[in-house]
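*Asks:* from the sequence below, what's the structure:
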Amino acid sequence: MLVAAAVCPCPPLLVPAVAAGAAPELDALRDACADAVGLLAAARPDLLVAVGPADAATHGAFPAGARGSFRPFGVAMDVRLGTARATDDRAPADDAAALPPSLAVAAWLLDGWNASSVEGLGVAEHLTPDRCADAGRDVAQSAERIALLVMGDGSACRTVKAPGYLDERAEGFDSAVAAALAAADTAALAGLEPGLAQELSAVGRAPWQVLAGAAEGAGLGGQLLYEAAPYGVGYFVAGWT
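*Replies:* Reported below is the predicted structural model:
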């Protein structure tokens, strides 16, 4: 049963070493993410599952200790789910499937986590709402006390300098997501339209709908810890307990 969830954005820029000179710009966001992860620890779950968007090559389940890397972003930093991160010049030694970037960011957020076991789930961005909800229900039944760390960004079209340029629908979409996260409104998250989310480059849609499925009947309350659109991308941090 789901006992807690945290929602965080997943840009690699969240990692200070990747952001480099721009790192201080996201300090408030990092602090909010740390607070959200703290809520998960306080819930004392038996299992934490990190959920994030993934492409066709990196979707699926990842075991505790699965590796990820920020080397594609120019930083010699490797991470593993549920274990400490390491920064050095050596590439990871094993040849197991690597975490998608969203779950690499989750692993970074969970550095030092020792409250419970950790697993990962990469969600294909094209997954339908029904299949996302089914995946969430399956996750919620995988242990007696489950917590989720749900990674995903809102629209990438909030300004003319945003990655997806300016789309007038973006602000309304993000406002609806923020309201749903603040209220732990599973129906509103489940109702997000995949086509619109794709047009707005909102990669959090599928993971949020996994959360909606997992939280059905759990009776959790929500709180929105952060909402802003730096770089023209909607970022949200929320805690459900």
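*Asks:* so where do the helices sit in the protein?
*Replies:* 16-19, 27-42, 101-109, 129-140, 170-183, 186-190, 194-199, 205-214 (DSSP state H).
*Asks:* could you look over those helices and pick the most buried one?
*Replies:* helix 205-214 (a mean of 29; mean count of other Cβ atoms under 10 Å). The C-beta positions use only the backbone N, C-alpha and C, and glycine is treated the same way.
*Asks:* quick one: distance of that helix to the chain centre.
*Replies:* 10 Å (Cα atoms, centre = their mean, to the nearest Å).
*Asks:* show me what it packs onto, helices and strands only.
*Replies:* Contact partners of helix 205-214 among helices and strands, from 3 or more Cβ pairs under 8 Å, 6 or more residues apart in numbering; DSSP states H and E: strand 2-8, strand 47-54, strand 117-124, helix 129-140, strand 146-151, helix 170-183, helix 186-190, helix 194-199.
*Asks:* what residues does that helix touch?
*Replies:* Residues from elsewhere that reach helix 205-214 (Cβ atoms under 8 Å, 6 or more residues apart in numbering): 2, 5, 7, 51-53, 102, 121, 123-127, 129, 132-137, 139-140, 146, 148, 150-152, 177, 180-181, 186-187, 189-190, 192, 194, 197-198, 240.
*Asks:* the same query, at a cut-off of 7 Å, please.
*Replies:* Contacts with helix 205-214, where a contact means Cβ atoms under 7 Å, 6 or more residues apart in numbering, come from 2, 5, 51-53, 123, 125, 127, 129, 132-137, 139-140, 148, 150-152, 186, 189-190, 192, 194, 197.
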